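Novice: Got a predicted model here, sequence first, then my questions.
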Amino acid sequence: MAVAQLAIDVENMGFQYPGNEDVSFSGLNLKVEKGARFGLFGPNGAGKTTLISIMTGLITADKGSVKLLGHEMGKQNESSTNKLFGFVPQDFSFYQELSPVENLEFFGAWAGLSKHAIKHRTDELLDILGLNDVRNKQVQKFSGGMKRRVNLAIGVIHNPEIVFLDEPTVGVDVQTGHAIINYLLDLNKKGTTLVYTSHQLSEAEDLCQQVALIDGGKIIAQDSLRNMLKDHKQESLEQLFLNLTGKDYRN
């Protein structure tokens, strides 16, 4: 039986912010297969954003290793490793005074794409994401949903093999959220591995096949969503989330 190739392999990872014990990891292990639609969920302060920051190289782990498609973060050529993944953060990661075309030209060049490749990908993404009519307008004048789509386009302009998505549909209308999820599903069908975190748990059920729940810097459960719902006798991801992490307020 063939062994599935791993998109992400986190082994015995340890990390703690200096002087802050609220979020820390000790001996954390996480494996995500190539081509998966993987969801990472947990209460506020559980460590989701910190873990994604470590997996994308924004933060360096104190111990252990983090590998993306066999490339160890922080140990191999950074520019080549960075080309393997795209990151769509919750905060907007573009220049508000520039247009979608100008933003994609800048970030495409930063990712090492040729001028021809940037133009091709820009035209393709603006068409797919419904931004053609505003391609030359300042992004600062856009609605929240349009800005989310620009954010997404920037994260995938270089055709990464793994895409990390931190709340990619927060604050958008139902139609925009639906369109973004459908685009992500299409990306996945072409082989792109998706790592997704959100508080939109009903949306997550449509997108994620594999799920990990994190709390207190530890992964408390990981399996296919179907198996986890069956094993814990829950009917939805929201019920499963509350069952495993509790219903108390989190700061």
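Specialist: It's in.
Novice: Quick check: phi and psi at Ala179.
Specialist: The phi/psi pair for Ala179 (degrees, to the nearest 10) reads phi -70, psi -40.
Novice: Relative to His120, how far out is it?
Specialist: Distance of Ala179 to His120, given as Cβ to Cβ, to the nearest Å: 22 Å. The way it works is simple: take the backbone N, C-alpha and C, and place the C-beta from them, glycine included.
Novice: So for the two, which residue has more residues nearby?
Specialist: Ala179 (19 against 13; other Cβ atoms under 10 Å).
Novice: Give the closest residue to the more buried one in space, chain neighbours not counted.
Specialist: Gly130 (7.0 Å; Cβ to Cβ, 6 or more residues apart in numbering).
Novice: Would you agree the one you found is in contact with Ile180?
Specialist: No. Between Gly130 and Ile180 there is no contact under Cβ atoms under 8 Å: 10.4 Å.
Novice: Give me the common contacts of the two.
Specialist: Common neighbours of Gly130 and Ile180, using Cβ atoms under 8 Å, 6 or more residues apart in numbering, are Arg149.
Novice: the more surrounded of those two?
Specialist: Counted by other Cβ under 10 Å, Gly130 and Ile180 do not tie: Ile180 has more neighbours, with 23 against 15.
Novice: can you give me the strands for this structure?
Specialist: 6-16, 24-33, 37-41, 63-68, 71-72, 85-88, 162-166, 193-197, 210-215, 218-224 (DSSP state E).
Novice: Tell me where the protein has helices.
Specialist: Ranges of helices in the chain, per DSSP state H, are 48-55, 78-82, 100-110, 115-128, 144-156, 174-189, 201-207, 225-231, 237-245.
Novice: Which of the residues in the fourth one are classified as buried?
Specialist: Of all the residues in helix 115-128, those buried under the rule 16 or more other Cβ atoms under 10 Å are Ala117, Ile118, Arg121, Thr122, Leu125, Leu126, Ile128.
Novice: taking the mean pLDDT, what do you get for that helix?
Specialist: The average pLDDT within helix 115-128 is 96.
Novice: buried sites along stretch 199-206?
Specialist: Gln200, Leu201, Glu203, Ala204, Glu205.
Novice: And the contacts of that stretch?
Specialist: For stretch 199-206, contacts defined as Cβ under 8 Å, 6+ apart pick out 39, 41, 167, 169-170, 177, 181, 196, 198, 211, 225, 236-238, 241.
Novice: Would you mind giving the helices of the chain as a markdown table with distance to Asn29 added?
Specialist: Output for the helices of the chain, formatted as a markdown table (distance: least, Cβ to Cβ, whole Å):
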| stretch | distance to Asn29 |
| --- | --- |
| helix 48-55 | 12 |
| helix 78-82 | 20 |
| helix 100-110 | 32 |
| helix 115-128 | 35 |
| helix 144-156 | 26 |
| helix 174-189 | 24 |
| helix 201-207 | 22 |
| helix 225-231 | 18 |
| helix 237-245 | 18 |
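Novice: mean pLDDT lowest for which of the ones you listed?
Specialist: Minimum mean pLDDT among the helices of the chain: helix 78-82, a mean of 71.
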